[in-house]
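K.L.:
structure of the sequence below:
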Amino acid sequence: MLDNIQISPVAETVVMSGDIDMDSHVDFTDYAILGSQWLQPPAVPSADIAPQDGDHIIDWRDLTELTAHWLEGTSP
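P.N.:
Down below sits the predicted model:
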């Protein structure tokens, strides 16, 4: 019997494009990861963030996406 069922709200995860290390900030660490994978196939964590589904190479598209979101999530 199911007498004590409770429904809890689920926290929504916001994924920022450019936040390669998933720390909720687009910052120098993400840039360093992208730089370490430059002109290579993606590694873990993957810097293949552009186009949206990736293109299996870290290049100017990924850099453009990262810089478009530069410093998002950081405190002023």
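K.L.:
the residue lying closest to residue 22 once chain neighbours are set aside and residue 60, how far apart?
P.N.:
Spatial nearest neighbour of residue 22, chain neighbours left out: residue 45 (7.0 Å); criterion: Cβ to Cβ, 6 or more residues apart in numbering. (Glycine included, C-beta is placed from N, CA and C.) According to Cβ to Cβ, to the nearest Å, residue 45 and residue 60 sit 19 Å apart.
K.L.:
on that earlier part again, hang on, the residue nearest to residue 22 packs against residue 19?
P.N.:
No. Contact criterion Cβ atoms under 8 Å: residue 45 and residue 19 do not qualify, at 9.6 Å.
K.L.:
of the two, who's got more company?
P.N.:
Ranked by neighbour count (other Cβ atoms under 10 Å), residue 45 and residue 19 place residue 19 first, with 21 against 13.
K.L.:
residue contacts, that one?
P.N.:
Going by Cβ atoms under 8 Å, 6 or more residues apart in numbering, residue 19 touches 25, 26, 30, 69, 72, 73.
K.L.:
what secondary structure does the residue nearest to residue 22 sit in?
P.N.:
Secondary structure state of residue 45, per DSSP: H, G, I helix; E, B strand; the rest coil, is coil.
K.L.:
can you report phi and psi for it?
P.N.:
For residue 45, the backbone dihedrals (degrees, to the nearest 10) come out as phi -70, psi 150.
K.L.:
going forward, begin numbering at 3 instead of 1
P.N.:
All set: I'll call the first residue 3, so the last point we hit is now residue 47.
K.L.:
contacting residues around it?
P.N.:
Residue 47 neighbours (Cβ under 8 Å, 6+ apart): 22, 23, 24, 35.
K.L.:
repeat the analysis, applying 10 Å as the threshold.
P.N.:
By Cβ atoms under 10 Å, 6 or more residues apart in numbering, the contact list for residue 47 reads 21, 22, 23, 24, 32, 35, 39.
K.L.:
ok, back up a step: what subset of the contacts of residue 21 is buried?
P.N.:
27, 28, 32 (16 or more other Cβ atoms under 10 Å).
K.L.:
once you drop chain neighbours, what's closest to the first one?
P.N.:
In space, and not counting its chain neighbours, residue 27 is closest to residue 75: 4.3 Å by Cβ to Cβ, 6+ apart.
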